[in-house]
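Novice: I need the structure of the sequence given here:
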Amino acid sequence: MAAEFDAGLPGGDPAAAEASTARLVAAGADTSERAVEAALRPRKLSEFVGQRVVRDQLQLVLDASKARGTTPDHVLLSGPPGLGKTTLSMIIASELGVPMRVTSGPAIQHAGDLAAVLSSLEPGEVLFLDEIHRLARPVEEMLYVAMEDFRVDIVVGKGAGANAIPLTLPPFTVVGATTRAGLLPAPLRDRFGFTGHLDYYEPPELEQILRRSAGLLDIELTDDAAAEIASRSRGTPRIANRLLRRVRDWAQVRGDGRADRPAALAALEVYEVDVMGLDRLDRAVLQALTGRFAGQPVGLSTLAAAVGEEIDTVETMVEPFLLRQGLLVRTPRGRMATPAAYEHLGLAPAAGGTAEPLKLFG
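Specialist: Numbering: from 1, shown residues only. Model prediction:
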């Protein structure tokens, strides 16, 4: 169904994709992991777990377009990586029964690249543009016209003698995906008839996803193991499925092949994913803030140097989750750990007034 314009696609933020090869709890994915994910993707909206509001709204858009016999409005999907934007785009094409072309903003460097893709689209085809916020300005301007008028202007010649030859395109649907919707220019946002924002998943939803994935992967997964994995998956299905595969590895190599709660606890301890879903790098940042810098505000570059990581890695891969969990705050003077961070590391007095180290891995 899907045809890729770039062999390295689809992809999220490059830093996220690179980090996913080293961090078990990174939300990004590289090409090899996306190939594994393909076998686990649902094919229909009725099989898609979570995102109830977006799912219901999108179902209405698709059903209405099929009833009218027309192509649906262009669709923009936004939200953090790993929540199902690529999966939903594939479901849109599957529900409509049309082919899908896959590419991304960074892969289309020039307007001519986009013209080549658009001119080869079949009637009704879905064009999935990942990282659409990273399109170059000339490409954006060509896309405006293509989305609204279904035509592109092919420029022939250079300078004063250049001519623009209009090329009519068959009706098609653009599905754009972005992790940073605020970077999209208003003219581009306005050309999407439907915009859906994906939120993080609740543990019961992740448990349902894990049970479905376990069935597809032929893994015997117990309910308490699913609950344990889901609680450490940062609200992200991609991370949940990744942890499930690592639990399967432990169960097959060191256990009896059954993914039960003891196997899950042992595997997640081996991979240093604690009860809140923090890994070694997350805890290193918190330990630096609470220990080395004694609770004082710390600048981002200093913090990154202290944990031996790049600034971008700390800012984009570590901070967002720590902020969301209330373990770290940004102040005008720098980053600081919250009382919840001290408590999680076993450094803060418990409610009874005594300091009790927390068992991080269950």
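
Novice: who's in contact with residue 113?
Specialist: Contact partners of residue 113, counting by C-beta atoms under 8 Å, 6 or more residues apart in numbering, are 107, 139. Placement of C-beta: from N, CA and C, glycine included.

Novice: Doesn't it lie inside a strand?
Specialist: No. Applying DSSP: H, G, I helix; E, B strand; the rest coil, one finds residue 113 to be helix, outside a strand.

Novice: So it versus residue 213, what's the distance?
Specialist: With distances taken as C-beta to C-beta, to the nearest Å, residue 113 is found 36 Å from residue 213.

Novice: in the stretch 101-250 of the chain, what spans have low per-residue confidence?
Specialist: In the predicted model of the stretch 101-250 of the chain, residues 155-164 satisfy pLDDT under 70.

Novice: got it, and the stretch 251-362 of the chain?
Specialist: Applying pLDDT under 70 to the stretch 251-362 of the chain flags residues 348-362.

Novice: So which residues of it form helices?
Specialist: If you assign secondary structure with DSSP state H, counting those that start in this stretch, the helices in the stretch 251-362 of the chain sit at 261-270, 280-287, 300-307, 311-313, 319-324, 339-344.

Novice: Just put those in JSON lines and tack on mean neighbour count and distance to residue 23.
Specialist: Shown next, in JSON lines, are the helices of the stretch 251-362 of the chain (neighbours: other C-beta atoms under 10 Å; distance: least, C-beta to C-beta, whole Å):
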{"stretch": "helix 261-270", "mean neighbour count": "20", "distance to residue 23": "14"}
{"stretch": "helix 280-287", "mean neighbour count": "21", "distance to residue 23": "7"}
{"stretch": "helix 300-307", "mean neighbour count": "17", "distance to residue 23": "13"}
{"stretch": "helix 311-313", "mean neighbour count": "16", "distance to residue 23": "9"}
{"stretch": "helix 319-324", "mean neighbour count": "18", "distance to residue 23": "11"}
{"stretch": "helix 339-344", "mean neighbour count": "19", "distance to residue 23": "18"}
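
Novice: which residues of the stretch 201-350 of the chain fall in strands?
Specialist: Secondary structure of the stretch 201-350 of the chain by DSSP state E, counting those that start in this stretch: the strands cover 328-331, 334-337.

Novice: Which strands or helices does the last one pack on?
Specialist: Put plainly, it is strand 334-337. Under the contact criterion of 3 or more C-beta pairs under 8 Å, 6 or more residues apart in numbering; DSSP states H and E, strand 334-337 touches helix 300-307, strand 328-331.

Novice: which strands and helices sit next to the last one?
Specialist: Counting contacts by 3+ C-beta pairs under 8 Å, 6+ apart, strand 328-331 packs against helix 319-324, strand 334-337.

Novice: of all those, which lies closest to residue 140?
Specialist: Taking C-beta to C-beta as the criterion, residue 140 comes closest to helix 319-324 out of the helices and strands packed on strand 328-331, the separation being 26.6 Å.

Novice: So what touches the closest one?
Specialist: The set of residues that contact helix 319-324 without belonging to it, under C-beta under 8 Å, 6+ apart, is 25, 80, 200, 234, 277-278, 282, 285-286, 328-330, 335, 341.

Novice: out of the residues you listed, who's nearest residue 225?
Specialist: For residue 225, the closest of the contacts of helix 319-324 turns out to be residue 277, at 15.6 Å, with distances computed as C-beta to C-beta.

Novice: With that, I have no additional questions.
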